[in-house]
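K.L.:
give the three-dimensional model of this entry:
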Amino acid sequence: MASAAARPCAKGAIAAARADSICAASAKPWVLTATILGSSIAYIDESIVNVALPAIENDLATTVVVIQWIVNGYTLCLSAFLLVGGAAGDRFGRRRLFVIGLGIFAAASLWCGLSPSITQLISARVVQGVGAALLIPSSLALIGATFDESERGKAIGTWAGFSALAAAAGPLLGGWIVDHFSWRWIFLINPLLALPTIWIAYLQVPETRDPEAKPGLDWFGTLLALASLSGLAYGLMTWPVSGWNDGVVLTSLFGGVALFVAFLWVEYRSRAPILPLALFRSRAFSAVNLLTLLLYSALGGALFFVPFALIQVHGYPATLAGAAFLPFTIIMAGLSRWAGGLLDRFGARLPLIVGPAVAAVGFGLMALTVPRGPYFVFLLPIVVVGFGMVISVAPLTTTVMNSVPVHQAGVASGINNAVASVANLLAVAILGGVALAVLDQALDRQLLSADLSSGVKQAFERARDTFVVEPSLTGVQAADRHVAEAIIKGALAESMQVATFIAAALALAGAAVGGLIPRSIKQPK
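P.N.:
Okay, here's the model as predicted:
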């Protein structure tokens with residue numbers, strides 16, 4: 001027989017308030033446990049995949065443009081379906097959508113690990129994105145529905161801290177698996193975490209819904225969002241190879257913009273929108289989502305290059321590349337609960353100015369250390385970025401939840417997570433494209449300025465459109481290999497340095513937006 005916490009909270013006329021209070025109190029630790037485990041699955045997967053990208057690119061003999069789809073295929077569906085995921089959770093039950101999302105994610109992870117080709121791997125990542133889109137907003141919405149406003153900041157801080165702690169081993173473990181076994185094994189970790197999480201959710205977490213949720217789901221709006229983001233992402237990732245004048249690139253970009261405008265119009269007219277535009281009448285909600293877009297663009301774009309810089313430019317094994325993320329996750333884990341109280345002590349504005357500004361300094365230092373410096377020097381910028389993010393994340397998330405009525409927690413969570421995913425999607429596409437363009441220009445300069453052998457020149461041509469050095473050196477004679485390798489690594493470092501400086505500028509812009517957020521936010525009824 002299920003425990004009392006597993007059953008829906010009592011809603012009868014007799015002692016309803018007392019029953020609800022007891023049910024909520026007993027459910028709180030279980031809600032935190034389930035949401036921490038569930039969210040960790042998605043976050044571990046993201047961090048492990050970044051570490052494995054160089055090995056996947058080399059093993060499947062593909063290009064950076066294709067490799068970007070391993071990241072962006074996931075974030076594309078995550079971004080589009082997060083909105084309907086949050087709304088579906090509010091209507092059909094947040095626990096139900098949480099469990100369904102976990103099941104989809106686990107099944108898709110098995111598919112990733114068994115994929116025989118790059119096409120199947122990208123397809124499986126797309127399905128993973130759908131599962132994560134149901135899982136992630138339901139996690140925060142369950143917390144928002146279980147904890148009242150006075151407890152929510154610390155609860156979200158605890159969720160963020162333990163999720164980061166659980167994810168801390170992800171990059172290190174992923175790097176070790178890549179070095180000693182195969183990148184395929186990194187995806188098989190997820191089902192091992194999913195099964196106990198589903199068991200806890202079914203037995204111990206009460207179901208919650210939004211009693212004011214409107215009937216129907218905006219699937220047409222979801223498809224428009226997916227199509228518009230697909231067009232923008234494809235165009236942005238293809239332009240470095242095909243050029244701005246290419247008809248497919250222009251069609252993709254203009255089509256993506258037109259479809260996004262159509263999406264906004266549909267949402268404005270819809271009776272049950274996945275993106276309720278009325279929420280953006282709140283100055284706090286609008287500002288914090290713009291800050292999210294800028295800050296997570298900086299984070300996603302910069303961290304995409306960290307494994308490539310460490311493995312391809314500096315020659316460190318994947319295990320050490322994964323270990324480089326440890327300071328970031330340890331800081332997030334150790335200080336997130338403390339950061340959750342910053343909103344109560346200082347209000348929303350100050351942490352959301354200071355945090356992004358500190359992160360911007362970290363990204364700037366990261367750009368300076370990409371071309372040179374030993375391993376421990378490269379860790380310093382990651383530490384600084386970690387401090388900036390820990391100051392930002394819990395106050396940012398709490399501000400999102402407090403700036404909307406409590407019954408719209410699922411929609412607000414879905415919107416903010418969608419914004420963060422769109423930020424990552426666009427950052428990888430844009431900064432990846434910038435890095436490829438800079439790489440090609442750097443190689444062209446070397447071809448014009450140096451007297452190089454034909455073998456070195458051929459290596460340069462093979463180095464275009466890829467961030468992996470070794471395949472470019474295939475067939476190069478020993479006498480030319482050292483010269484070609486040094487020049488290609490230098491060009492690669494230059495490309496990543498430019499992209500990371502852009503990330504620093506984005507984070508600094510986020511700090512400026514933080515100044516637009518009100519000092520105090522009273523949650524609407």
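
K.L.:
quick one: low-confidence parts of the stretch 1-150 of the chain?
P.N.:
Applying pLDDT under 70 to the stretch 1-150 of the chain picks out residues 1-26, 46-47, 61, 63-65, 148-150.

K.L.:
for it, just list every one of the helices.
P.N.:
Using DSSP state H, counting those that start in this stretch, the helices of the stretch 1-150 of the chain run over residues 16-59, 64-92, 94-114, 118-146, 149-180.

K.L.:
isn't residue 494 up against residue 371?
P.N.:
Yes - under the contact definition of CB atoms under 8 Å, residue 494 touches residue 371, with a separation of 7.0 Å. Glycine gets a C-beta too; all of them are placed from N, C-alpha and C.

K.L.:
and those two? which has more neighbours close in?
P.N.:
residue 494 (20 against 16; other CB atoms under 10 Å).

K.L.:
so that one versus residue 313, what's the distance?
P.N.:
In this view, residue 494 and residue 313 are 10 Å apart by CB to CB, to the nearest Å.

K.L.:
same deal with residue 495?
P.N.:
Counting by CB to CB, the gap from residue 495 to residue 313 is 10 Å.

K.L.:
residues near the nearest residue to residue 509 once chain neighbours are set aside, how many?
P.N.:
Nearest-residue entry for residue 509: residue 294, 5.0 Å, with adjacent residues in sequence omitted and distances by CB to CB, 6 or more residues apart in numbering. Counted by other CB under 10 Å, the residues lying close to residue 294 total 23.

K.L.:
ok so, going back, can you check which residues contact both of residue 494 and residue 313?
P.N.:
residue 371 (CB atoms under 8 Å, 6 or more residues apart in numbering).

K.L.:
isn't residue 267 right up against residue 222?
P.N.:
No - under the criterion of CB under 8 Å, residue 267 is not in contact with residue 222, lying 10.4 Å apart.

K.L.:
now the common contact residues for the two.
P.N.:
residue 274.

K.L.:
between these two, which is the more surrounded one?
P.N.:
The neighbour comparison of residue 267 against residue 222 (other CB under 10 Å) goes to residue 222, with 22 against 19.

K.L.:
dump the residue contacts of that one.
P.N.:
If you count contacts by CB under 8 Å, 6+ apart, residue 222 has them with 80, 81, 83, 84, 274.

K.L.:
please, which helix or strand holds it?
P.N.:
With secondary structure defined by DSSP states H and E, residue 222 is part of helix 219-242.

K.L.:
and the contacts of the following helix or strand past that helix?
P.N.:
Next along the chain after helix 219-242, taking DSSP H and E as the criterion, comes helix 247-269. Residues from elsewhere that reach helix 247-269 (CB under 8 Å, 6+ apart): 218, 220-221, 224-225, 227-236, 238-239, 242-244, 273-277.

K.L.:
just the angle for helix 247-269 relative to helix 64-92, thanks.
P.N.:
10 degrees (axes from the mean of the first three to the mean of the last three CA atoms, to 10 degrees).

K.L.:
show me which positions of the next helix or strand after helix 247-269 end up buried.
P.N.:
Counting by DSSP H and E, the element after helix 247-269 in chain order, helix or strand, is helix 283-308. Neighbour-count burial for helix 283-308, with 16 or more other CB atoms under 10 Å as criterion, is recorded at 284-308.

K.L.:
now do the same contact list for the closest residue to residue 124 other than its chain neighbours.
P.N.:
Among residues not flanking residue 124 along the chain, residue 111 sits closest, at 3.8 Å (CB to CB, 6+ apart). Neighbouring residues of residue 111 by CB under 8 Å, 6+ apart: 120, 123, 124, 127.

K.L.:
I'd say residue 295 and residue 510 touch.
P.N.:
Yes - with contact defined as CB under 8 Å, residue 295 reaches residue 510; the gap is 4.1 Å.

K.L.:
between these two, which contacts overlap?
P.N.:
Jointly contacting residue 295 and residue 510 under the rule CB under 8 Å, 6+ apart are 356, 359.

K.L.:
where does pLDDT dip in the stretch 351-500 of the chain?
P.N.:
Low-confidence segments of the stretch 351-500 of the chain (pLDDT under 70): 373, 406-410, 414, 448-450, 452-453, 456, 460-463, 465, 468-479.

K.L.:
tell me where it has helices.
P.N.:
375-402, 409-449, 454-463, 478-514.

K.L.:
residue 126: neighbour count?
P.N.:
Residues within reach of residue 126, counting by other CB under 10 Å, total 17.

K.L.:
what about the spatially closest residue to residue 369 that is not a sequence neighbour, neighbour count?
P.N.:
What sits nearest to residue 369 in space, not counting adjacent residues and going by CB to CB, 6+ apart, is residue 378, at 5.1 Å. Using other CB under 10 Å, residue 378 has 22 neighbouring residues.

K.L.:
ditto for residue 455
P.N.:
Residue 455: 17 surrounding residues under other CB under 10 Å.

K.L.:
could you find the closest non-adjacent residue to it?
P.N.:
Once flanking residues are discounted, residue 455 sits nearest to residue 480: 4.4 Å by CB to CB, 6+ apart.

K.L.:
that older thread, buried ones among the contacts of helix 247-269?
P.N.:
Using 16+ other CB under 10 Å, the buried ones in the contacts of helix 247-269 are 218, 221, 224-225, 227-236, 238-239, 273-276.

K.L.:
could you list the domains of the chain?
P.N.:
Domain assignment for the chain by automatic domain parsing gives 26-218+270-441+493-514, 221-269.

K.L.:
just name the most buried of those.
P.N.:
Stretch with highest mean neighbour count among the domains of the chain: domain 26-218+270-441+493-514 (a mean of 22; mean count of other CB atoms under 10 Å).

K.L.:
residue 102 against residue 199, yeah?
P.N.:
No - counting by CB under 8 Å, residue 102 does not reach residue 199; the two are 10.5 Å apart.

K.L.:
next up, the contacts around the nearest residue to residue 136 once chain neighbours are set aside.
P.N.:
Spatial nearest neighbour of residue 136, chain neighbours left out: residue 417 (5.2 Å); criterion: CB to CB, 6+ apart. Neighbouring residues of residue 417 by CB under 8 Å, 6+ apart: 78, 82, 86, 136, 137, 140.

K.L.:
that'll do, ta.
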